[in-house]
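> need coordinates for the following:
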Amino acid sequence: MKLLFLHQNFPGQFLHLAPEMARRGHDVTAMTDAKNNRQSTVKTIRYKHEARNVEPAQTRLGRNYTTMSDRGVTVARACAHLRDTQGYVPDVIFGHSGWGETLFLKEIWPQAKLIVYAEFYYRGVGADVGFDTEFAPYGLDQILIAQARAAHLGQALLHADAGLAPTAWQASTYPDALRGMIRVIHDGVDCDAMQPNPQASVTLPDGRTLRAGDEVLTFVNRNLEPYRGYHMFMRALPDVLRSRPNAHAVIVGGNEVSYGAAPKGAKGWKDLILSEVQDRLPMDRVHFMGKVPYGAFVSIMQISRVHAYLTYPFVLSWSMLESMAAGCLVVGSKTAPVEEVITHGENGLLVDFFDIKGWSQTLTDTLAHPERYDALRVTARQTAQTHYDMRGVCLPRMIDFVEGFGPKG
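From the prediction side, this is the model:
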């Protein structure tokens, strides 16, 4: 079949699926933003989108929809040009709904089957908004703004043939009227690459080397920010490192903003939060690695004695599942996305997101007595292999799902 993938940052969630569909003999094309520099073996078409400034006073609660629908129009015009000049008509389109790219594709190719990646549906109550009021006010205005942000997501799914979400909790954020359209299949993690390695080592920026078996506490996010609990982790860290004089904290992540708002008067959250606790930290044992290549990330997970993962009620990070695949002991926040995967005392430990003392005590104890948690590490990897292994579980399910929309016979 002719299969078109759409993602402004392709390959994104289609990193493994798109090339595998091509390998299986399908005619696969991808479309992405011209500003996206990521490369792929899949034939890729780039559209040029110039985002217009949105005037809040004029658009009010419609400003998010204006931004997303503008991109949708750009993509629709690019697809119409592809149809009219090359006669291209896909059998199946699979696109991420988060940036409006799929909004008008049924108007271009009404006969094509359209699947949208339904990652998250903004809600005024019960998800990320209002969960942590330290950095943002919460009241009726914030509830209405969050609800308005979901307009393009609801439209995208309503005009599609089906949706796909990576976790059951993320699917549950959609209204009941749309929830039945969504199939839950995780993108999967590479359990072959991400596995325990007692010989693993990591060279730190200061030249020292940490090895598997050392007392290493890890924390990993794409960017260090409140949505992923960076502030709670850093506030717990001084007591942990004071109690464990041989422990090292290895922190991976950038200083940009992936989710939520940027801090007022600062470029990013990293230094702002660090400034609160720096005078109580032995900075020679706190190692900020920045953003690292995948191979370095694998090694960091393999030397980790304890891995801390926190998140608001929001999209679940691949890194948590990858850390479990590596056989890490994960201490996770007791929030819905994490609780879907980790059962306290079986394949990891859970701590209330806001319980700084609880985080300090739990991280200290797990660093001090690693042998007590060996069974949890084994079960964590089994969880990853059984439910989230990319090659053995998730990718085959994804292929069956997508091929089910192709031409019959």
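> Met31 belongs to a strand, doesn't it?
Yes. Judged by DSSP: H, G, I helix; E, B strand; the rest coil, Met31 forms part of a strand.
> that one and Ala380, how far apart?
Counting by CB to CB, to the nearest Å, the separation of Met31 from Ala380 is 38 Å. C-beta here means a position set from N, CA and C on the backbone, and glycine is covered the same way.
> those two: which has the busier surroundings?
Ala380 (27 against 22; other CB atoms under 10 Å).
> from Arg46, how far out is that one?
Distance from Ala380 to Arg46, by CB to CB: 40 Å.
> how about Ala30?
9 Å.
> ok, these two, which is more surrounded?
Using other CB under 10 Å as the criterion, Ala30 and Arg46 rank with Ala30 on top: 24 against 14.
> hmm, Gly12 and that one touching each other?
No. Checked against CB atoms under 8 Å, the pair Ala30 and Gly12 is beyond contact range at 9.8 Å.
> what's the nearest residue to the spatially most central residue of the chain if we skip its chain neighbours?
The centre of the chain sits closest to Ser317, judged by CA atoms, centre = their mean, with a distance of 3.9 Å. Residue nearest to Ser317 in three dimensions, not counting chain neighbours: Thr311, with 6.6 Å by CB to CB, 6 or more residues apart in numbering.
> Val315 - how many residues pack around it?
21.
> so what's it up against?
119-120, 170, 337 (CB atoms under 8 Å, 6 or more residues apart in numbering).
> mind doing that once more with 7 Å?
119-120, 170 (CB atoms under 7 Å, 6 or more residues apart in numbering).
> quick one: the helices in the stretch 251-400 of the chain, in order.
269-277, 294-303, 318-325, 336-339, 356-368, 374-387, 395-403 (DSSP state H, counting those that start in this stretch).
> other SSEs contacting the last one?
With contacts defined as 3 or more CB pairs under 7 Å, 6 or more residues apart in numbering; DSSP states H and E, the packing partners of helix 395-403 are helix 17-23.
> and the contacts of the helix-or-strand element of the chain with minimal mean pLDDT?
Least confident helix or strand, the chain: helix 56-59 with a mean of 85, by mean pLDDT, DSSP states H and E. By CB under 7 Å, 6+ apart, the residues outside helix 56-59 that reach it are 63, 66.
> where's Gly124, which helix or strand?
Per DSSP states H and E, Gly124 falls between elements, in no helix or strand.
> near it, how many other residues are there?
Based on other CB under 10 Å, the number of other residues close to Gly124 is 19.
> could you do Asp187 as well?
Neighbour number of Asp187 under other CB under 10 Å is 20.
> could the contacts of Val315 go into TSV alongside distance to Glu50?
Formatted as TSV, the contacts of Val315 follow (distance: CB to CB, whole Å):
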residue	distance to Glu50
Glu119	25
Phe120	26
Gln170	31
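> now these as TSV including pLDDT?
Shown next, in TSV, are the contacts of Val315 (pLDDT from 0 to 100):
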residue	pLDDT
Glu119	96
Phe120	96
Gln170	97
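> separation between the residue nearest to the centre of the chain and Ser323?
For Ser317 relative to Ser323 (CB to CB), the value is 9 Å.
> picking that back up, which one of the contacts of Val315 is nearest Val257?
Proximity of those to Val257 was ranked by CB to CB; the top entry is Phe120 with 16.7 Å.
> give the buried residues for the longest helix along the chain.
For the chain, the helix that runs over the most residues, judged by DSSP state H, is helix 63-86. In terms of neighbour count (16 or more other CB atoms under 10 Å), helix 63-86 has its buried residues at 63-72, 74-76, 78-79, 82.
> what ranges do the strands span in the stretch 101-250 of the chain?
Listed in chain order, the strands of the stretch 101-250 of the chain (DSSP state E, counting those that start in this stretch) span 113-117, 162-165, 182-184, 201-203, 209-211, 216-223, 248-254.
> what about the third one, distance to the chain center?
Averaging C-alpha coordinates over strand 182-184 and over its chain gives two centres that are 17 Å apart (CA atoms, centre = their mean, to the nearest Å).
> same check, this time on the first one
On the basis of CA atoms, centre = their mean, strand 113-117 is displaced by 20 Å from the centre of the chain it belongs to.
> any low-confidence regions in this structure?
Residues of the chain that meet the criterion pLDDT under 70 lie in 409.
> ok, for Val116, nearest residue in space, not its chain neighbours?
Spatial nearest neighbour of Val116, excluding adjacent residues (CB to CB, 6+ apart): Ser97 at 4.1 Å.
> neighbours of that neighbour, how many?
Counted with other CB under 10 Å, Ser97 comes out at 29.
> which residues touch it?
116-118, 153, 156-157.
> try Ala325
189, 191, 194-195, 381, 384.
> out of the residues you listed, the closest to Pro19 would be?
Using CB to CB, the contacts of Ala325 come closest to Pro19 at Val189, 16.8 Å.
> Glu322 is in contact with that closest one, correct?
Yes. Counting by CB atoms under 7 Å, Val189 does reach Glu322; the two are 4.9 Å apart.
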